[in-house]
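Participant: Sequence and computational prediction follow.
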Amino acid sequence: MEQFKKLVPSEKVRQVLYGLGILFVAMLIFHAGVVTGSHRHFPGKAGPGFGLRGPGFNVQLPRGFIPNGHGSVGTIQNVSTSSITLQTRDGATQTVLLTDKTSIRTQSGAASSTALSVGQQVIILGTPNDDGTISADLIRATPDSVRNPIKR
Amino acid sequence: MTSKRDMAFFTKVEPPQHLFEAVLAYIALARRRAARIRLAALGTVMVVSVAALVPSINYAIHEFYASGFYDYLSLFFSDSSVAFGHWQELSLSLAESLPSLAVLLLLGFSIALLWSLRRIAPNVRMAMMPIQSA
């Protein structure tokens, strides 16, 4: 308790506060850019937000990230020779186009499009198109990796 | 600047007994009252920030998961050569998937908590200080 009493008003805590403040301002500027950019280029694309529910209140916080940008993460719903359809984590459907430049990788290394199957988790990196699709540069199949730590 | 005439006046007028102690006690009382008001305000800020910190941590964890930020980041560890080969798309994806609103809320409540804790300590001492009457 004595150590805590000494630590709280100390110079270190002041420096931490300044650091967090600078980070906060930087994030505020970044978020303003995200909001402006997503309203201009992805109108109405964001899925439902995160719900905070409790006795007598139900608040839906909006998505704070840009959907369908230069990448996507989700589960394969459909595979064809020229495209794959993903279901993203927020429940949206994303079409990913396979091009000559597309490199497909699994855990064991480079693979072809035949290695992709329905139900597989993939990470996509690529270029967004005007019609909302992504031209894939990299498709990385992952094991059923990260599970949602917070159930809604 | 006190003139000789004023000085003569003060030597003739006898100030009430214990005036000095009474003035000091009144100042201490005013300071203690101000410290108690500050303490109440800071205590409210602290309680609100602690209460809001838990859901904001949950929100941040959920958003980091839903946006795929963890997955993009995991590419650096699982397939670093590929990650560096596609560093431009990967950096853009990381920036796009960063849940800035969740980070903002988390930072805001953390700053509020830390700031209120830092300011509460000296106010507690002053608010609990006994006032010695004259």
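Facilitator: Structure's in. What do you need?
Participant: In contact with A:Ser135, which residues?
Facilitator: Listed by CB atoms under 8 Å, 6 or more residues apart in numbering or on different chains, the contact set of A:Ser135 reads A:96-97, A:99, A:101-102, A:126-127, A:129. Where you see a C-beta, it was placed from the backbone N, CA and C, and this is true even at glycine.
Participant: wait, does the helix or strand that contains B:Ile27 contact chain A?
Facilitator: Using DSSP states H and E, B:Ile27 sits within helix B:19-66. Yes: against chain A, helix B:19-66 shows contacts by CB under 8 Å from any CB of the partner chain at B:55, B:58-59, B:61-63, B:65-66.
Participant: wait, which of those is closest to B:Leu39?
Facilitator: Relative to B:Leu39, the closest of the residues of helix B:19-66 next to chain A is B:Pro55; by CB to CB it sits at 25.9 Å.
Participant: What score does the most centrally placed residue in chain B have for pLDDT?
Facilitator: Nearest to the mean C-alpha position of chain B, by CA atoms, centre = their mean, lies B:Trp115 at 1.7 Å. pLDDT, B:Trp115: 91.
Participant: Pipe the residues of helix B:19-66 next to chain A into CSV and attach distance to A:Ala32 and pLDDT per row.
Facilitator: Shown next, in CSV, are the residues of helix B:19-66 next to chain A (distance: CB to CB, whole Å; pLDDT from 0 to 100):
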residue, distance to A:Ala32, pLDDT
B:Pro55, 23, 91
B:Asn58, 24, 90
B:Tyr59, 19, 89
B:Ile61, 24, 90
B:His62, 22, 87
B:Glu63, 18, 87
B:Tyr65, 24, 86
B:Ala66, 21, 84
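Participant: Mind putting the residues you listed into a markdown table with neighbour count?
Facilitator: As requested, the residues of helix B:19-66 next to chain A are exported to a markdown table (neighbours: other CB atoms under 10 Å in any protein chain shown):
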| residue | neighbour count |
| --- | --- |
| B:Pro55 | 17 |
| B:Asn58 | 16 |
| B:Tyr59 | 23 |
| B:Ile61 | 18 |
| B:His62 | 22 |
| B:Glu63 | 26 |
| B:Tyr65 | 19 |
| B:Ala66 | 27 |
